[in-house]
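J.: 3D, please:
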Amino acid sequence: MANFVITTQILENYGAHCEDGKFSSGNAYWKMKGGTDYLVTGLDRIQDAVAFVAATAMENSIAWKEFPTGWKTESEWLAGLPDDEEYREFLLEQLQRVSPVAVEA
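T.: This is a model prediction of the structure:
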């Protein structure tokens, strides 16, 4: 089994905070927000890792959307981290670890 990092993007609809947030009403006002990097373990294929993150982390509401935008092996993701040690440590700390495989105690 391999480890994969799946990256998501978040969109927030500011129009849903004070109006109905619908395009048909002219009240939709979407803004790009951050996202999350998910380290997925316990799967053999990157496609399965993307589907797992989509099934567990994706949201599609009038106010908020989160969806996968990128995927890499863990080694590819680690190789692409910045040289700045402090920022690198921050990214490693923010990495969300998930797995469809139950961990035995």
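J.: in the protein, where is pLDDT below threshold?
T.: 23, 102-105 (pLDDT under 70).
J.: let's see that with 90 instead.
T.: Along the chain, segments meeting pLDDT under 90 span 1, 14-29, 57-60, 62, 101-105.
J.: can you give me the strands in it?
T.: Secondary structure of the chain by DSSP state E: the strands cover 2-13, 30-32, 37-43, 59-60, 64-73, 96-98.
J.: in a markdown table: those, plus mean neighbour count.
T.: Just so you know, the C-beta spots here come from the backbone N, C-alpha and C atoms, and that holds for glycine as well. Below are those laid out as a markdown table (neighbours: other CB atoms under 10 Å):
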| stretch | mean neighbour count |
| --- | --- |
| strand 2-13 | 19 |
| strand 30-32 | 11 |
| strand 37-43 | 19 |
| strand 59-60 | 10 |
| strand 64-73 | 16 |
| strand 96-98 | 13 |
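J.: now those as JSON lines including distance to Pro82?
T.: Converted to JSON lines, the strands of the chain look like this (distance: least, CB to CB, whole Å):
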{"stretch": "strand 2-13", "distance to Pro82": "15"}
{"stretch": "strand 30-32", "distance to Pro82": "21"}
{"stretch": "strand 37-43", "distance to Pro82": "13"}
{"stretch": "strand 59-60", "distance to Pro82": "28"}
{"stretch": "strand 64-73", "distance to Pro82": "15"}
{"stretch": "strand 96-98", "distance to Pro82": "19"}
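J.: which of those strands sits closest to Glu89?
T.: strand 37-43 (13.9 Å; CB to CB).
J.: starting at the chain centroid, how far to that closest one?
T.: Mean C-alpha position of strand 37-43 versus that of the full chain (CA atoms, centre = their mean, to the nearest Å) differs by 11 Å.
J.: which residues are contacting it?
T.: Outside strand 37-43, the residues within contact range by CB atoms under 8 Å, 6 or more residues apart in numbering are 1-8, 49, 52-53, 57, 74, 77, 91, 94-101.
J.: find the nearest non-adjacent residue to the residue with the largest distance to the centre of the chain, please.
T.: For the chain, the residue at maximal distance from the C-alpha centroid (CA atoms, centre = their mean) is Ser25, at 29.4 Å. Nearest non-adjacent residue to Ser25, counting by CB to CB, 6 or more residues apart in numbering: Glu19, 6.7 Å away.
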